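what follows is a protein structure lacking sequence information:
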């Protein structure tokens, strides 16, 4: 076998993987825009008669040279179309019943056996939008809108340069250049932006344009639209009069449609092809990074009529989007997601894999299934490259328990989900997408913060669960708004330690005193960071001491936002602390029972602080019962409990500054601003540290 | 100019208008399905080296003969691809880094210079889905799912016939036919469904298959899968064993995925091409209207490997959807809507037209704008053909009043809308789509009925307004459910006359006694039609007379569902009837003032019946004030008022059958079933006529 056949024809490319997805995305996006503007699709044949394609050209024309010739069994003289405009004319000629105006788009392959460069191949896709049957500038205005909308949808900022060929012809005539030279002069003017003045003069000299004619031309072509309008306002030259009239009309539409920011009049724009008769456009990317145009078009009122030659008029305008050059731009610019959303990996149960896949597809989710018998590790490695957001692993052990493993590939999480609930979870995961988070340690009671809070309750719960599953030491998850300074806990409750973490994050990114709104409380909380990692926050209290604290059976009860804190003194605490150390689970059960029997409150949570003295300092042992979700925790640190303890200490010992040791060993310092038994506010300070696991993030302060 | 060039090359077609829309829809729909199954797009070049395309074929092969040859300036020997499988193999060969399994789809043009028939041209689009790198039957099962889902999305019921080439080879071997004849035998077997037994024998004889071999073959090929399995369960033939194993595996997947209803094992299915090595499929439409297949495929484990020839294995399976034959089916089957949703016709203000168009497009609505200066009538005529649901006319007079005209082209309505409100109206109109309605005359009080009630309140209001605007004599619009027997009024109120109309419609379509639920009342209402157009309904009342009627200041007050009826006797009515005749507007104002001053009720509506005696019969003059929308009507007929009047007549004159003349001149007859001053129910009968304007509907009883 001859190896060399296994390659592509020079100037042709195959597009697979991400490339093909981008190209599909471009043509789908453009098609939607074209349909938004009332253009209907046309699909013409690629094969044409050679004589049809060359009808309007001399044999030595570049286009004719670049035509691919095709032969068939019937010895016909065929060829491949080199553009979509000739087939458009053919379609109109062969469908005489068609109602004008006819507005069509065509996205299809064309072939030119010409020079190859980046963004220019021999087999390429054109996206053409044309209208035949309309005079006047309304349709030009619409096509400018299509350019603007089309490139906007593709995320490309553009500038559309425009001119009028009647005006250009008129200006050349006004320079008294011979009529038969106009076409050659236009070809030179078209190079104005690319060549130096010297080079241009050389070109003009070649076709015997006189010095003073060149000078005149130069002067005119340097003018902006107002200057040209003024210069020629009384001109009797028909081309100039008509050209200015058309441009004025177009400018009016541009103004009314607020398109001024996207267009720029350019008197030297000619756009090569001889068949243009009025407005011409060329599109460039706004920052002009790419020098060549990425789209263009114009009015060609005579071409179709010349072609059909039935004596009727076929005024036409058209524009073209350069799919290949757009592809080159998007390829470098955007991260493209795989269209596949879920990848199913059966460990053994292939039938179940196919069934799960069908179930997800019935929920409009794109699913691929691993069908090789490769090892899981290899499969997962390959998966990383594929950029699919979610993987499902059907492990034998999990299936026995009616569970599946769901891997959030974007955020590197893994959870187990019941087989009758996984679809909703996957939908939530897909709707969440990638998110950023960070774990902070406010002296124990480690807290994850996510850098957005605009999630639904279900989404928050899922993020909460995924983080806690991955980092079991995380005790709570908070969501920081990226728009305003606001902290929301997954359950909507108030959490003092999470608040301290949020202050830390906002302060580190803004370096100013932070005024924070927090879920579960109405008042704003003020805070800042000092000495690198010490957070100080001020909470407004504004209550009389007697309204804050109540003593019953030797127990002090303090109501903090959303939680009732009960303080057991050192003596009363001893037996509880001992049993917490001996058998934590049993102790927590007894303590919860005590809460149920003895503490009557409507607060959503109850926390008992069992006090200890450690070298003259107060240590708390916080046991907290959250009623709604029925969890009892012996916490590593407790902000609200510390505040309650400080209020107790002030009540009992008239001490307004208290350092409170947490079970984690860290301290929280609390100062109560007070006046005559009236507590104005509390200042809480203590260390907040960044956790090892997420410390290494590039973006340290992620807001 | 040579006229003959202005035509298409034989065997090629241009598709415009509706045809192109259908073709776009097919490829878009299929692409979405392919992506749902994790296949990624591939775009290969159309131009290929001639030697590449012919690599695996002899020169006298049909495929080689049908290749279009292409020449370029570099004198290369090029050709147009004739399928998407060879380019697929080329892509794998030229991209060695590609990870297997590789799953791709390609939708693209291929070229074959062969015979032309319906659904078979020389330049056509193939939609191929292939996977390389997977052995086993899991991928076959997935491809069957793709066939089922793809055709389901396109609205085509299919049956997939399948077989296994190893099994077929084995069966031929079991008939002791020479190995070198297998390929020829398969070609003949492939014609089993098309040729007679005699013709087949003739074919077999041509290649010297013996009589007993043919007989054996016949016997085997007539068997279903179970019979073949039993027959060969102990066979030592490797092909048979392998083939049965694969089929059993595939059947398991088919069962688990509930695909049994879509597939049929067919032992004679071969699918021509020599390169198939395992499962083969062919898709037919379920009712077998079209004899030729509309899709097909199979496993070809050796082809790509032979092609690349690097010693590695490239097991592959693929299927293909026939876009052209699908196009032929859908073209005849479905009504295709224009993608354009709104057509804007500027009478003069073109700039406004472009602005309105942009505004609608920003609301994701597809809009086209009339740009010619044609007369409105001509534009509207052309529009009818285009099948665009909504037209907006920017009339000069309307614009002065900040209004525009919106034409619902589907339902032939026209409304005026304020320029700051039209977008919502258009969205509602688009969401309503086409609806059917009919106008009935229940003895005056003409009522339009729409044949669906699952509309939102806004949609109902819009339909109500459109109908009343077009037919000003319509006094109310009701909505009939097409699922249950239920009438809902646009405003949710109860209306006795509309109820009579609804009974008429349901009875005419079902021809049985109707039990109807009606908005505004809890009890069901029973009714039927007799004597062609007389409607009789029974309403449950179940009240003591004394609880129904109250006399105050010589006026009788009767509470009917949702309305308080006041009866003025003949004497008291005289002056009101006179002033209604003299100056209706003035009289209604005075009557409303009377209601406000004198009648204290919480009912939503009050109706006063001014009684008249006409030749011993009772005539009512109903004036009804609906409080919420503050309308006062002198109605042409009133069902509730007639019922109230009958109750009054029973109370006063102990008459239980009353004929009540309506202002329209029609009568409503009411009979009260009663026992000792207790009214059990009322039977109301009277004529319901079909209105001239909608009488001519094809579907007379439209439920």
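That came through, no problem. Everything numeric here is computed off the predicted structure, so don't read it as measured data. Residues are numbered from 1 along each chain as shown, chains lettered A, B, ... in the order given.

C-alpha from now on. contacts and neighbour counts both.
Noted.

report whether stretch A:102-113 contacts chain B.
Yes - against chain B, stretch A:102-113 shows contacts by Cα under 8 Å from any Cα of the partner chain at residue A:113.

count of neighbours near the nearest residue to residue A:291 once chain neighbours are set aside?
With Cα to Cα, 6 or more residues apart in numbering or on different chains as the criterion, residue A:291 has its nearest non-adjacent residue at 7.4 Å, and that residue is residue A:284. Other residues near residue A:284 number 20, with proximity taken as other Cα atoms under 10 Å in any protein chain shown.

the helix or strand hosting residue A:284 packs against which elements?
Taking DSSP states H and E as the criterion, residue A:284 maps to strand A:279-285. Contact analysis of strand A:279-285 by 3 or more Cα pairs under 8 Å, 6 or more residues apart in numbering or on different chains; DSSP states H and E lists strand A:158-164, strand A:295-299 as its packing neighbours.

now find how far off-centre that strand is within its chain.
The gap between the average C-alpha position of strand A:279-285 and the chain average comes to 28 Å, counting by Cα atoms, centre = their mean, to the nearest Å.

what's the closest of the helices and strands packed on strand A:279-285 to residue A:593?
Comparison of the helices and strands packed on strand A:279-285 against residue A:593 by Cα to Cα identifies strand A:158-164 as nearest, at 69.9 Å.

in its sheet, what does the closest one sit against?
On the basis of DSSP bridges, the sheet neighbours of strand A:158-164 come out as strand A:263-265 (parallel), strand A:279-285 (antiparallel).

most tightly packed of these?
Mean neighbour count (mean count of other Cα atoms under 10 Å in any protein chain shown) peaks for strand A:279-285 among the strands paired with strand A:158-164, with a mean of 24.

and the stretch 51-200 of chain A, which of its residues are near chain B?
Taking Cα under 8 Å from any Cα as the measure of proximity, the stretch 51-200 of chain A contacts chain B at A:51-52, A:55, A:65-73, A:78, A:90-91, A:93-94, A:101, A:113, A:123, A:134-135, A:138-139, A:142.

show me just the buried residues among those.
With neighbours counted by 16 or more other Cα atoms under 10 Å in any protein chain shown, those contain buried members at A:51-52, A:55, A:65-72, A:78, A:90-91, A:93, A:101, A:113, A:123, A:134-135, A:138-139, A:142.

coming back round to it: so which of the helices and strands packed on strand A:279-285 gets nearest residue A:316?
Go through the helices and strands packed on strand A:279-285 one by one with Cα to Cα and the one that ends up closest to residue A:316 is strand A:295-299, at 5.8 Å.

and the next helix or strand past the closest one?
Immediately after strand A:295-299, counting by DSSP H and E, sits helix A:303-308.

elements contacting that following helix?
Helix A:303-308 sits against helix A:85-94, with contacts defined as 3+ Cα pairs under 8 Å, 6+ apart.

and the following helix or strand past the helix it packs on, what's its mean pLDDT?
Later in the chain than helix A:85-94, the nearest helix or strand by DSSP H and E is strand A:102-111. With pLDDT averaged residue by residue, strand A:102-111 scores 96.

how about stretch A:246-256?
Here stretch A:246-256 scores 96 as its mean pLDDT.

reformat the helices and strands packed on strand A:279-285 as JSON lines; add mean pLDDT.
As requested, these are exported to JSON lines (pLDDT from 0 to 100):
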{"stretch": "strand A:158-164", "mean pLDDT": "96"}
{"stretch": "strand A:295-299", "mean pLDDT": "95"}
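
Serialize the strands paired with strand A:158-164 to TSV and add fields for mean pLDDT and distance to residue B:666.
TSV is the format used below for these (pLDDT from 0 to 100; distance: least, Cα to Cα, whole Å):
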stretch	mean pLDDT	distance to residue B:666
strand A:263-265	96	70
strand A:279-285	95	69
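
now distance to residue A:370 too, for the ones you listed, in JSON lines please.
Output for the strands paired with strand A:158-164, formatted as JSON lines (distance: least, Cα to Cα, whole Å):
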{"stretch": "strand A:263-265", "distance to residue A:370": "51"}
{"stretch": "strand A:279-285", "distance to residue A:370": "42"}
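
low-confidence stretches in chain A?
In the predicted model of chain A, residues A:1-5, A:60, A:334-335, A:694-703 satisfy pLDDT under 70.

which residues sit against stretch A:540-555?
Counting by Cα atoms under 8 Å, 6 or more residues apart in numbering or on different chains, the neighbours of stretch A:540-555 from elsewhere in the structure are A:523, A:525, A:556-559, A:566-569, A:647-648, A:651, A:677-682.
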